[in-house]
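Novice: Build me a model from this:
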Amino acid sequence: MKNFKWDKKYLYWGVTAFCVVVASIAFFWVLNTWNGLRSTLDMILAALAPFIYGLCIAFLLNKVLSILETHVFSKLCAKLFKKDPVKGRKASRIFSIIVTLTVALGLIAGLFAIVLPELADSVMTIVSNSRTYLSVAIQWLEKVFDGYALEPVAVEWINTISSKVVNWLETEVLPEITTLIGNITGGVISVVTTLFNLFVGVIISVYVMYNKETFAAQAKKIVYSVFRVRTANAIMGEIGFINEAFGNYIVGTVIDSLIVGLINYVFMAVTGMPYAVLVTIMVAVTNLIPMFGPFIGAVPSTLLILLENPTQALIFVIFTVILQQIDGQILKPRIHSSRTGLSGFWIMFAILFFGGLFGILGMVIGVPVTTVLYNMFRRLNNRRLRRRTLPEDTSFYRGLSYIDPVTMEPRYSSQSGEGQEPEGESGGKTQDAAKAESAAQTPGDPKPAADPAPEEPAPETPVPAEEETSGKK
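Specialist: From the prediction side, this is the model:
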């Protein structure tokens, strides 16, 4: 023991092993008690539901509130309260909140007043014409299979399905009517609870919108008290980016869906297509989901129109394809102030992953959440590269084999064969190709770099166009 020398690495190993053991125990404990934890989380979320609704409402209405307060009521109240600017600012905020909530509730009430009667008429029409649709289908099958051996088989198949449906309604649905009524009662209670939480959430949103600067200042105070100044500044920057990304994406997507729904309704009304209101609602709502939304709304809409008129259904499909192309190429790029910066692969990943976790809501918020996470990781990665004095440009790492730890010069793999060391002549050719490609991507220097002398190899780090031009001169 006298020859034992203390080394900090033993402490690091011990702490690491202890953390691994504790994390493993915690992980298995969570797995074993997941049902209890989930019920506890559901109870907590149910208790916090009005506050969650209120924060969401305040966040969605904040853009409209800021526009009204900045461009309308601030100037008006400044003239009305010349002697007391503080009262003027308070009055401006109050008037802006009242108008914002009135407009939002008016739009929702007007939408329901227009949509619900049309929706009820569409559903009643579908139910009342169901027998007609069935007879038309049977006549169509008889006409198609007329003269073939499959005609009696097809008719018998349809009659069998019809009898089974009637038998199912009589033997299974009617005896379970008590259970069905209980489920309906539970659903009504859930709807009433949700409406109550929304009502309380609207009241909470008024408090949040009126005191938003105070709440923001308190949150900043907590952040700067917990973290160091540099870390707190980074956190505040990320929160600002998240707020801007979510706000721009949600507002832009809602506006885009409203425009698409309006165009769809005008086209269906002019051409006399059935179920115009019902189809327009499905198209506008599903258009909130990026990438897959238009197809999700187009399939049931086409089936509804197909029941009435197959020709109009074909016209609707052609119109939907054209409308989605116009929406994707013209409307969305102009409405969204900034692009997500995600490739098609990551957009598909975000929709499928968050949709699998949270359903339709996850498909709606998946893209902005992934955008925030992607940009946060990209900035963190670029910051670490700058600390190591490495380039941030992705093109620098294309075909990279390794970087010399002494000279920090890159070595690129040979394009002629895999697994060869980029040494000697092949390495020089790879370097020239990389520099030529870098020069071709730079708009300021159309000529590639000159070949280096054999006895004096040139550095293999891509050189900016301005430095190459000055070197040539």
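
Novice: Off-centre distance for the helix or strand where residue 380 lies?
Specialist: Of the helices and strands defined by DSSP states H and E, residue 380 is found in helix 360-387. Put simply, helix 360-387 sits 12 Å off its chain's centre (CA atoms, centre = their mean, to the nearest Å).

Novice: Would you mind listing the buried residues in it?
Specialist: Neighbour counts over helix 360-387 (16 or more other CB atoms under 10 Å) mark 362-372, 374-375 as buried. All C-beta atoms are positioned from the backbone trio N, CA, C, and that covers glycine.

Novice: Run a quick neighbour tally on residue 282.
Specialist: For residue 282, the neighbour count with other CB atoms under 10 Å is 20.

Novice: That one - nearest residue in space that isn't next to it in sequence?
Specialist: residue 297 (4.6 Å; CB to CB, 6 or more residues apart in numbering).

Novice: Isn't the one you found up against residue 278?
Specialist: No. Residue 297 is beyond contact range of residue 278, at 11.0 Å (criterion: CB atoms under 8 Å).

Novice: Between these two, which is the more surrounded one?
Specialist: Using other CB under 10 Å, the more surrounded residue of residue 297 and residue 278 is residue 297, with 25 against 21.

Novice: Against which helices or strands is the one helix or strand that one maps to packed?
Specialist: Residue 297 is part of helix 293-308, with elements assigned from DSSP H and E. In terms of contacts (3 or more CB pairs under 8 Å, 6 or more residues apart in numbering; DSSP states H and E), helix 293-308 is packed against helix 85-128, helix 276-286, helix 310-326.

Novice: How far does the longest one sit from its chain's centre?
Specialist: Which is helix 85-128. Chain-centre distance of helix 85-128: 25 Å, with CA atoms, centre = their mean.

Novice: Could you tell me the angle between the helix holding residue 380 and helix 293-308?
Specialist: Going by axes from the mean of the first three to the mean of the last three CA atoms, to 10 degrees, helix 360-387 is angled at 160 degrees with respect to helix 293-308.

Novice: what's helix 360-387 packed up against?
Specialist: Judged by 3+ CB pairs under 8 Å, 6+ apart, the packing partners of helix 360-387 are helix 229-271, helix 344-358.

Novice: right, and the helix or strand after that helix?
Specialist: Remark: after helix 360-387, the chain's next helix or strand is strand 400-403, criterion DSSP H and E.

Novice: Remind me what that next one packs against, helices and strands.
Specialist: strand 410-412.

Novice: Parallel or antiparallel, which strands does the strand it packs on pair with?
Specialist: Next to strand 410-412 in the sheet, as set by DSSP bridges, lie strand 400-403 (antiparallel).

Novice: Buried residues, the partner strand. List them.
Specialist: Of all the residues in strand 400-403, those buried under the rule 16+ other CB under 10 Å are residue 403.

Novice: how far is it from where the chain is centred?
Specialist: The answer for strand 400-403 is 36 Å, by CA atoms, centre = their mean.

Novice: Kindly export it (C-alpha atoms) in CSV.
Specialist: Coordinates of each C-alpha in strand 400-403 appear next as CSV, following Å, rounded to 0.1, in the frame of the first residue of the first chain:
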residue,chain,number,x,y,z
LEU,A,400,-12.6,12.0,-46.4
SER,A,401,-10.5,9.0,-45.2
TYR,A,402,-8.8,10.6,-42.2
ILE,A,403,-7.2,13.8,-40.9
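
Novice: What lies in contact with that strand?
Specialist: With contact meaning CB atoms under 8 Å, 6 or more residues apart in numbering, strand 400-403 is reached by 390, 409, 410, 411, 412, 413, 422.

Novice: Could you rerun that using 7 Å?
Specialist: 410, 411, 412, 413, 422 (CB atoms under 7 Å, 6 or more residues apart in numbering).

Novice: Drop anything exposed from those.
Specialist: 410, 411, 412, 413, 422.

Novice: okay, those in CSV with distance to residue 314 next?
Specialist: Putting the buried ones among the contacts of strand 400-403 into CSV (distance: CB to CB, whole Å) gives the following:
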residue, distance to residue 314
410, 57
411, 59
412, 54
413, 53
422, 59
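
Novice: Out of those, which is nearest to residue 201?
Specialist: residue 410 (55.7 Å; CB to CB).

Novice: what about that closest one, distance to residue 391?
Specialist: For residue 410, the distance to residue 391 (CB to CB, to the nearest Å) stands at 9 Å.

Novice: And for residue 346?
Specialist: From residue 346 to residue 391 the distance is 23 Å (CB to CB).

Novice: I'd like the mean pLDDT over the helix holding residue 380, please.
Specialist: Throughout helix 360-387, pLDDT has a mean value of 83.

Novice: How about stretch 89-102?
Specialist: 90.

Novice: Export it to CSV, keeping only CA atoms.
Specialist: Presented in CSV, the C-alpha positions along stretch 89-102 are these (Å, rounded to 0.1, in the frame of the first residue of the first chain):
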residue,chain,number,x,y,z
ARG,A,89,-50.3,50.9,-22.5
LYS,A,90,-52.6,48.9,-20.2
ALA,A,91,-55.7,50.0,-22.1
SER,A,92,-54.0,49.1,-25.4
ARG,A,93,-53.2,45.6,-24.0
ILE,A,94,-56.8,45.1,-22.7
PHE,A,95,-58.4,46.3,-26.0
SER,A,96,-56.1,44.0,-28.0
ILE,A,97,-57.0,41.0,-25.9
ILE,A,98,-60.7,41.7,-26.1
VAL,A,99,-60.6,42.1,-29.9
THR,A,100,-58.3,39.0,-30.4
LEU,A,101,-60.6,36.7,-28.3
THR,A,102,-63.7,38.1,-29.9
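
Novice: Kind regards, and thank you for your time.
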